[in-house]
Each structure stands twice: as C-alpha cells, then as structure tokens.
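Asks: 3D, please:
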Amino acid sequence: MSSKKFLIVTADDFGLHDAVNDAVELASRSGILTAASLMVAAPAAADAIRRARRLPHLRVGLHLVLADGRAMLDPHQVSALADADGLMDGRMFRRGIRYFALPLVRRQLEAEIRAQFSAFAGTGLRLDHVNVHKHFHLHPSLLGMLVRIGRDFGVAAVRVPQEPLWFATQAGGWRAGLAAALLRPWVGMMKTRLRAAGLRHNDQVFGIAASGAMDETALLRVIDHLPSGISEIYLHPAHAGQLVSPSMSDYRHGDELAALLSPRVRAAIKAADVASGGYADL
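Replies: Purely as a prediction, here's the structure:
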C-alpha cells in the first residue's frame, strides 16, 4: 500500500432514477463527486448517459446488476435469473447458491454480464471501473466471470468492499464491525485474484455500514481519519423526498447529496492535501 492518500468519491446507481441523475450532475459540477457507477438497464440509464457525456471530469464505471434490479437481456433469454418482466429479486443467498450450483443459471448469468458490459461499451464512455450492485462480486463465481468477461471490454479497475473495522463499528454498531471482520478472508482472496489478473483496486471503501446515511458528519469523520493508499467513498445521492427504489425507502438520499455539496467537506479534503479523482487518474 502506498503511503500517499488518494480519494475516489463515487455515486452508485447512476441511471436508476432522474432524481439520482440530477444529483450526480449537480455533485460533479458543484461538489466533491469524482465518479459514478452506471446501471445500464435501469429506467433512467439513457438520461444518465446523456448527462455523463457533458461531464468531462466525471469518471463513469459499470454498476453490474445481478440481483435486486432489471436485467439487460430479454426475459426469455434469462428466465432462470429474472421474472417475466425482466426483474431479478434481491434474495441474494438463494441466488448465490443457484449461481454456484446450476450450469444453466451460470450460462445465463455469463450472457447477462456480457450484455451489460456490451451496453456500457455502446455508450462510448470510457470505462473507469466496475463494481457490482450489493457487492455481489464477493461471490467467487461472479468475480471470476467479471474478470474473465471484463477482460474483453478493457476493465482496468474493480471495487473491493473492504471497510475498515473502526468505521464499520462506529457507523453500524458491533454487528457491522463483526460482518466486516468476517469478510476479511473473502476480501483478501478478491484482492489476490484481481492482482493476478492485472486489475487495480482500492485499498479500502467507506459506505457499507452507513449505506444511505453517508451524511456530512460521516464524510468529515472519514476524511479526518483517511488512511494511506486508495480509498473510495460511495454514496447514493438523490434529491430529498424522492423514492428512487422500494429497497432504499429508508435511505437519506438528500443528506448524502448535501454532504457532497458541503463546503466543510470540500475544505477538509483540501486541508488534508488528498489527491482525488477516478481510477483512471491513479
């Protein structure tokens, strides 16, 4: 790990809703946001792509959706993954077992991953990074597919969901701290596989235990204790009062947007003398 500090500030779920897209554009132009992760099959993806093309400083990556979201392929092509409307449910434990055990499911899964990569390539945007909705690439089979298929599309960087124990515990209590500790072996294996594939990754991430609650206080705490190496903070900004997804009904999207626009947060980053950008800027 480098002794220098580099910070990536990412908005996930770009393309999920117009309120998310508007927040991403605002935070990129007037705030500290440096990157966004695009859901290529989401309802407002076309709007997100138009906005990204006029935001030259925003680094855009692919937010692969393999649970709790819409598939890219027609439902009849991924009938083992999605319902008749093309929706994949959020029962990740059940999906994880199926993704590991059933050859038909794995074939459809590979086709869906390739379709999402292809859709991103069709946008003409530079692929800054790849991550997976709900960090489902902790699943070894999914990670392997991501690396293998991503190689065909020029993937250079992948987010690793390793959250420091101190932040997980402060943000989410002892259960979140325990979960972060138990994930350490899996995360270590992820890093080893990514390095073997020649792919960049972050050293730590902030936002798992406080998902939907990365407000100004949380961001200031992270910046005040920012470790050496590559750190990524990820958020889910949107305008206050908007329900962007039923699975995020308790998220404080407006507070997260306010944090990205906060003069105090911007001043803290400047005072800490931390370089920032996307993975392409490393």
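Asks: contacts and neighbour counts: CA atoms only from here.
Replies: OK.
Asks: Name the surrounding residues that touch the host helix or strand of S28.
Replies: Taking DSSP states H and E as the criterion, S28 maps to helix 18-30. Helix 18-30 is contacted from outside by 11, 13-15, 33-36, 44, 47-48, 51-52, 55, 57-58, 236-239, 242, 244, 257, 260-261, using C-alpha atoms under 8 Å, 6 or more residues apart in numbering.
Asks: quick one: least confident helix or strand in the chain?
Replies: Ranked by mean pLDDT, DSSP states H and E, the weakest helix or strand in the chain is helix 92-101, scoring a mean of 82.
Asks: List the buried residues for it?
Replies: Using 16 or more other C-alpha atoms under 10 Å as the test for burial, helix 92-101 gives M92, R95, G96, R98, Y99.
Asks: what sits against the last one?
Replies: Read that as Y99. Counting by C-alpha under 8 Å, 6+ apart, Y99 touches V105, R106, L109, S141, L142.
Asks: is it fair to say the last one lies in a helix?
Replies: Yes - secondary structure of L142, determined by DSSP: H, G, I helix; E, B strand; the rest coil: located in a helix.
Asks: Can you give me the buried ones in the helix ranked longest in the chain?
Replies: Taking DSSP state H as the assignment, the helix of the chain that covers the most residues is helix 165-196. The neighbour-count check on helix 165-196 (16+ other C-alpha under 10 Å) flags 165, 167-169, 171, 176-177, 180-181, 184, 187, 190-191, 193-194 as buried.
Asks: Pick out the most distant pair among these.
Replies: A171 and R193 (28.9 Å; C-alpha to C-alpha).
Asks: Centre of the chain to the longest strand seen in the chain, how far?
Replies: Longest strand in the chain by number of residues (criterion: DSSP state E): strand 5-14. With C-alpha atoms, centre = their mean, to the nearest Å as the basis, strand 5-14 stands 8 Å off its chain's centre.
Asks: again with stretch 175-191
Replies: For stretch 175-191 - counting by C-alpha atoms, centre = their mean - the centre lies 17 Å from the chain centre.
Asks: and if you look at stretch 272-282?
Replies: On C-alpha atoms, centre = their mean, the centre of stretch 272-282 falls 17 Å from that of its chain.
Asks: Tell me which residues are up against that stretch.
Replies: By C-alpha under 8 Å, 6+ apart, stretch 272-282 touches 5-9, 34-35, 58-59, 128-129, 157, 200, 223-224.
Asks: same question, stretch 213-220
Replies: The contact list for stretch 213-220 (C-alpha under 8 Å, 6+ apart) reads 207, 235, 251-253, 255-260, 262, 264-265, 268.
Asks: what's the closest of those to K134?
Replies: Proximity of those to K134 (C-alpha to C-alpha) peaks at G207, which lies at 11.6 Å.
Asks: what are the phi and psi angles of the residue nearest to that closest one when sequence neighbours are not counted?
Replies: Counting by C-alpha to C-alpha, 6 or more residues apart in numbering, G207 lies nearest to Y234, which is 5.5 Å off, once chain neighbours are set aside. Y234 has phi and psi values of phi -120, psi 150 when expressed as degrees, to the nearest 10.
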